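> next input, structure requested:
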Amino acid sequence: MDSLYLGLNNILEFQVIVAIIIGSVGGLIIGAIPGIGPAIAIAILLPATIFLDDLVSLVLLLGIYGSAMYGGAIPAILINTPGTPVNALTTYDGYSMTKNGEASRALSLAYSSSFIGGCFSIIAALICLILFGPYLRDFGALFGQRDIFMAALLGSVLLILAHRQNMAIAAMLFAFGFLIAMVGRQTTRGVSRYTFDLEYLASGFNLIVVIVGIFALSQALNLMNGKDSDPPKAKISKGLFKGLREIRKYPLVASISAFYGTIMGIIPGVGEFVAQFFSYSSARALSKNPTRFGHGAPEGLIACETANNAVPAAAMIPLLALGVPGEALTAMMMVVFFDAGIKPGPDIFENNPDFLFSLFLSLLFIN
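Next up is the predicted model:
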């Protein structure tokens, strides 16, 4: 309890509160601008964090990381272009709701789902670290490259199954995407794959550029080939909290999606993509009307956004308990830990428990 009290005192300092506000609002804006994403923003801000206090630096970066997921849902819903790559699946039902004149409903559902998924993950991650932190090192050693590969393979299968009406097309597009992902220099062995001796292909294709470009170009071509008509009405009315009342109609979808997001965040190297496809497929299987998915189903939007936003807090578990970053964003945050003289790993529970509580309480305030 003393550590919890000290952690609460730490985040109630003026500088930390300002960092929470700037990180949250900044992450929302950055996520809403297609093509930027939290990774670029954190990479730009990382050198500046040297001049800030340790907790202020991490809270600022966590604010950007956590709130950018919801920010990316805004253009995905309104203009059919995901703000961040992980919001690609949000376009399926979010933009369909906008075309049906339900943009305000879609935004409120996305906000409510993000809030619930984030809070669930934070509380679950904190309980997991308190109860099982000392044992996570032995548990983490059980996950090898084969296990991560099987999780990714299962996510790929679910991706194809989610498009039941066009499974052959989905499989071909997945194969094409897999081929694009293979282009570049293989990091562990230094082997060049499909670069054709062209230097600018050695680093491969940027994921953000490819995903945002594909969605933006496809939408532009649809507008060019379609009939001239007014864009879908996107009148925003009432508040974002009204989605909390509607999301109560789908408690099982929200719970399962938050659980998937938390579990996939804990496993290093998996992340939001597998979590959202697991959640979307489960929501479709549980739905009484699965044909609505892709045409404005609220369960599909809830599943995607809940799972996406449950990942960031859970991704802190392998970083804090094992010293192993779950993905690129948490790997960049390790720089701040080392700069503060804090070594992520099991020793953090004994040496810096108040700092641990401060991080998760700040994530709660960010949500």
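> can you name the residues that contact residue 205?
Counting by C-beta atoms under 8 Å, 6 or more residues apart in numbering, residue 205 makes contact with 180-181, 183-184. Yep, even glycine has a C-beta here, placed from its N, CA and C like the rest.
> make it 7 Å
Residue 205 makes contact with 180, 183, according to C-beta atoms under 7 Å, 6 or more residues apart in numbering.
> now do the SS call for it.
With DSSP: H, G, I helix; E, B strand; the rest coil as the basis, residue 205 sits in coil.
> could you number the chain from 30 rather than 1 from now on?
Yes, from this point I'll number from 30; that puts the last item at residue 234.
> residue 325 versus that one, what's the distance?
When distance is defined by C-beta to C-beta, to the nearest Å, residue 234 is 31 Å away from residue 325.
> what do you get for residue 395?
Distance, residue 395 to residue 325, using C-beta to C-beta: 30 Å.
> next: residue 294.
Going from residue 294 to residue 325 by C-beta to C-beta gives 28 Å.
> now swap in residue 141 and tell me
Computed as C-beta to C-beta, the residue 141 to residue 325 distance reads 17 Å.
> between the two, which is the more surrounded one?
Neighbour tally, residue 141 and residue 325, criterion other C-beta atoms under 10 Å: the higher count belongs to residue 141, 23 against 20.
> ok, now which ones touch the more buried one?
272-273, 276.
> can you do 10 Å?
For residue 141, the contacting residues are 269-277, 283, 331, 334-335, by C-beta atoms under 10 Å, 6 or more residues apart in numbering.
> then residue 138?
Residue 138 makes contacts with 102, 106, 122-123, 126, 131, 269, 271-273, 275-276, 279, 327-328, 330-331, 334-335, as judged by C-beta under 10 Å, 6+ apart.
> for it, which non-adjacent residue is closest in space?
Leaving out its chain neighbours, the residue that sits closest to residue 138 by C-beta to C-beta, 6 or more residues apart in numbering is residue 272, at 4.3 Å.
> is that neighbour in contact with residue 131, as I believe?
No. Between residue 272 and residue 131 there is no contact under C-beta atoms under 10 Å: 11.3 Å.
> of the two, which one has the most company?
It is residue 272, of residue 272 and residue 131, that has more neighbours when counted by other C-beta under 10 Å, with 27 against 20.
> look up phi and psi at the more buried one.
When quoted as degrees, to the nearest 10, the phi and psi of residue 272 stand at phi -70, psi -20.
> check contacts around the spatially closest residue to residue 326 that is not a sequence neighbour.
Of all residues not flanking residue 326 in the chain, residue 122 sits nearest, at 5.0 Å (C-beta to C-beta, 6+ apart). By C-beta under 10 Å, 6+ apart, the contact list for residue 122 reads 105-106, 135, 138-139, 309, 312, 321-333.
> do the same with residue 220
Residues in contact with residue 220, defined by C-beta under 10 Å, 6+ apart, are residue 214.
> and it, how close does it get to residue 128?
Here the distance between residue 220 and residue 128 works out to 46 Å (C-beta to C-beta).
> residue 286 now?
As judged by C-beta to C-beta, residue 286 and residue 128 stand 24 Å apart.
> more neighbours: which of the two?
Neighbour count, other C-beta under 10 Å: between residue 286 and residue 128, residue 286 has more, with 32 against 15.
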